[in-house]
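**Student:** Generate a structure from the sequence data that follows.
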Amino acid sequence: MPPRRSHKKSRNGCDQCKKRRVKCDEADPCLNSPGTSLAEISARTDAALRVFQRNLTDTAYFVREWNGQDPELMHHYCISTCTTLSDEEDVRHVWRTEIPKIAYSYEFLMHGILSLSALHLSYVKPEKHSHYLTSSTFHMALGLQTFRTILRKPTAENCFALFAFSSVIMVWICAVPTDSKDAQPLSSVIEMFNLCRGITTLLEFFPLINKSCLGPLMARDWSEKRGTPLRLFNGLDGQISRLRYRLTVEVLAEEERSVLEHAITELEKTCQRIEHARTLSASGMIYIWPIVVRVGFISLIEQRQPFALVLLACYCTQLHVFRRFWVLERRAESLLSEVLEVMPPEYADLLDWPRQFCLHGPDLERWCVLNPSSEGIVQ
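**Tutor:** Numbering: from 1, shown residues only. Next comes the predicted model:
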């Protein structure tokens, strides 16, 4: 009897893709969401980048080329900034060594590095905040010019630089100050969602990136089946139940209802993933939900749809958990404050949980002292 012919099919796909009978990307979480083609995501991402770039060039002054300050920025990045984005040594190594190496061949990525360094300096040297913030904006705007062009035609050669710059953008948007009188935290987070979702334009290269020197940036430090979960998000189960019940009585189009149901499910999953994490030393976990929600949900936020804003307020609890990182220090506070200002009063009961959590929720370092069994969660 001849041997069975080998095949490349996998049984490891997610339940959602099996139900839809489509090929799963086998990423965790699955990024193969229904209803949005890669071309649509690419077009939306380019539009978001165009707006992002225009906002930057409105404030950046293109009156100089590379000058004497740039070595200062690179030096600060190498000795300080690169160590502040994670406590995991393999992730720090990527930021400290691998990304600068790639940047030697891609000037737009070098601008991204200098932009992030200048932004960090604006945080650690408040007396020169405006100076460094202008420099950061300048470098980010310059980097975006080339990045947008290359992102339209990603290849196996340039995908690493594109992924690295995408990571820089996501960090930058979270870290840029939101406490000035002109700041718009809600608009900023919409930019973040659009650009986070846009990273899926590189989806076909994810296996290649995952096996490369950038792999630790994609490492999944959680498992829905690992041990006893941390109880970081006290009250989450009750809040999810309230959200699901309220959604059943909301007057909505079926497509909107489906998008919101999916967003609730993914919000619950991402909170659970954080609670199951081996360590809470990488703030990158806060980008999971913005990446996996459907494009339609981002549109609802843009329209200031009340129920979508309630879910955004609940997402602030994840930002709050990671506030010990300078990138996220006041992000939850500023975003939640703006959401509360625009919400109709009839949704007040659904906002109690995120509001109380962000007022009294866990400080991770203190939380671990009070919970000895969590040793190693914060390194």
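**Student:** Could you use CA atoms for every contact and neighbour count after this?
**Tutor:** Noted.
**Student:** and residue 324, helix, strand or coil?
**Tutor:** Per DSSP: H, G, I helix; E, B strand; the rest coil, the local secondary structure of residue 324 is coil.
**Student:** Tally up the residues packed near it, please.
**Tutor:** Other residues within reach of residue 324, judged by other CA atoms under 10 Å, total 16.
**Student:** Next, give phi and psi for it.
**Tutor:** Main-chain torsions, residue 324, degrees, to the nearest 10: phi -70, psi -20.
**Student:** Number the chain from 626, please
**Tutor:** Shifting the count to begin at 626 puts that one at residue 949.
**Student:** elements contacting the helix or strand hosting residue 914?
**Tutor:** Taking DSSP states H and E as the definition, residue 914 sits inside helix 913-917. Helices and strands touching helix 913-917, by 3 or more CA pairs under 8 Å, 6 or more residues apart in numbering; DSSP states H and E, are helix 810-823, helix 879-900.
**Student:** Those: which one's closest to residue 969?
**Tutor:** helix 810-823 (16.1 Å; CA to CA).
**Student:** how many neighbours does residue 912 have?
**Tutor:** 20.
**Student:** got the contact list for it?
**Tutor:** Residue 912 makes contacts with residue 821, as judged by CA atoms under 8 Å, 6 or more residues apart in numbering.
**Student:** Equivalent analysis for residue 978, please.
**Tutor:** 860, 864, 939.
**Student:** can you pull the pLDDT of it?
**Tutor:** Looking at residue 978, its pLDDT stands at 97.
**Student:** cool, residue 717 as well?
**Tutor:** 93.
**Student:** what's the answer for the one 5 residues further on, then?
**Tutor:** Residue 722 carries a pLDDT score of 97 in this model.
**Student:** Could you report the neighbour count for it?
**Tutor:** 13.
**Student:** gap between it and residue 977?
**Tutor:** Computed as CA to CA, to the nearest Å, the residue 722 to residue 977 distance reads 44 Å.
**Student:** Could you pull out the strands in this structure for me?
**Tutor:** With strands called from DSSP state E, the chain shows none.
**Student:** Output the below-cut-off pLDDT ranges for it.
**Tutor:** Across the chain, the ranges flagged by pLDDT under 70 are 626-693, 803-808, 844-854, 903-908, 988-1004.
**Student:** Tell me who's in contact with residue 941.
**Tutor:** Counted by CA under 8 Å, 6+ apart, residue 941 has contacts 957-958, 960-961, 979, 983.
**Student:** Swap in 7 Å and give it another go.
**Tutor:** 957, 961, 979 (CA atoms under 7 Å, 6 or more residues apart in numbering).
**Student:** By neighbours, which of these wins?
**Tutor:** Within the contacts of residue 941, most neighbours by other CA under 10 Å means residue 979, with 27 neighbours.
**Student:** That one and residue 939 touch, don't they?
**Tutor:** Yes. Applying CA atoms under 7 Å, one finds residue 979 in contact with residue 939, separated by 5.1 Å.
**Student:** Run through the helices of the stretch 726-875 of the chain in chain order.
**Tutor:** Secondary structure of the stretch 726-875 of the chain (DSSP state H, counting those that start in this stretch): helices at 732-749, 754-776, 784-800, 810-823, 831-835, 861-874.
**Student:** rewinding a little: quick one: which of the helices and strands packed on helix 913-917 is nearest residue 965?
**Tutor:** helix 810-823 (10.9 Å).
**Student:** which residues sit against stretch 721-735?
**Tutor:** In contact with stretch 721-735 (CA under 7 Å, 6+ apart) are residues 703, 707, 768-769, 771-772, 786, 789-790, 838.
**Student:** Mind checking which of those are buried?
**Tutor:** Buried residues within these, defined by neighbour count using 16 or more other CA atoms under 10 Å: 703, 707, 768-769, 772, 786, 789-790, 838.
**Student:** and which of these is nearest residue 811?
**Tutor:** residue 769 (21.7 Å).
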